[in-house]
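Peer 1: I'd like to go over a predicted model; first the sequence, then the structure.
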Amino acid sequence: MRTLLVTVLALTFSAPVLAQRPGFALGFTTSTDVYRYKTWEDAFASGPNYQFRLRNSVGVQAHYVTTTRIAFTTGLLLSNKGAYYDYTDYGLIIGRAGTRYTVDERHLYLDVPLKLGYNWRLTDRLALTPTSGAIISTALSTSYVVTKSNGDRVSRRNAIRTQPLYRLSIPLELHLDWLVSERIVVSAAPYYRFDVRLEPYHTRLPSYGLLLDLRYYLK
């Protein structure tokens, strides 16, 4: 009987600590979101013709939760995006006005998130963490493969000057944190992201996606 009472008391007083899980953690993060893409043709001539595109990110993160349930997150992520589309050249890019081309376009960014959240305990092992902040992105590479109407291809790589070197975006996330064990937390979050600095002729509308984190607490 005494053993049972001690066990119940131990679980009662330790469960909130585990659910909040204060401390420092390292982990992996990945996300996929859908955004709208605007082509050069849309920007210069034919009006809006937005298309859905996918952006994928993967990287490492550092996560710290205080004893007052405030959560800080940063990290390094590689983020790629792109599009495959047709457009009519009006003499502004390749120089042959009126010619139609097919473009395969790819961009690679290094993302540095700086986020702040509040850990709200639901149960002994589940918590909600609303999170926001900023994501600073640096362009690493850009490539285009342009196919002319006669089948000829023109490739251009590392054309970073066609994209902003730095971008700033604001994420809004709602994490559901699951305490798998005393040191391991799995977190999933739907999120909304919009750019503060709009890229010329490209990402002009916000994106929506899903984020997945795996964190290991060091102590």
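Peer 2: On my side now, so go ahead. Computed from a predicted model, the values in this text were never measured in an experiment.
Peer 1: next helix or strand past the helix or strand of the chain with the lowest mean pLDDT?
Peer 2: Ranked by mean pLDDT, DSSP states H and E, the weakest helix or strand in the chain is helix 2-20, scoring a mean of 45. As assigned by DSSP states H and E, the chain's next helix or strand after helix 2-20 is strand 23-37.
Peer 1: Please save the CA atoms from that following strand in CSV.
Peer 2: Extracted C-alpha coordinates of strand 23-37, given in CSV (Å, rounded to 0.1, in the frame of the first residue of the first chain):
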residue,chain,number,x,y,z
GLY,A,23,15.7,22.4,-20.8
PHE,A,24,17.9,22.5,-23.9
ALA,A,25,17.3,20.2,-26.9
LEU,A,26,18.9,19.5,-30.3
GLY,A,27,17.0,17.9,-33.1
PHE,A,28,16.0,17.6,-36.8
THR,A,29,13.2,19.5,-38.5
THR,A,30,11.5,19.2,-41.9
SER,A,31,8.6,20.9,-43.6
THR,A,32,6.7,21.1,-46.8
ASP,A,33,4.4,24.0,-47.8
VAL,A,34,2.4,25.0,-50.8
TYR,A,35,2.8,28.5,-52.2
ARG,A,36,1.6,30.4,-55.3
TYR,A,37,4.1,31.1,-58.1
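Peer 1: Could you find the closest non-adjacent residue to residue 67?
Peer 2: residue 22 (4.9 Å; CB to CB, 6 or more residues apart in numbering). (C-beta placed from N, C-alpha, C; glycine too.)
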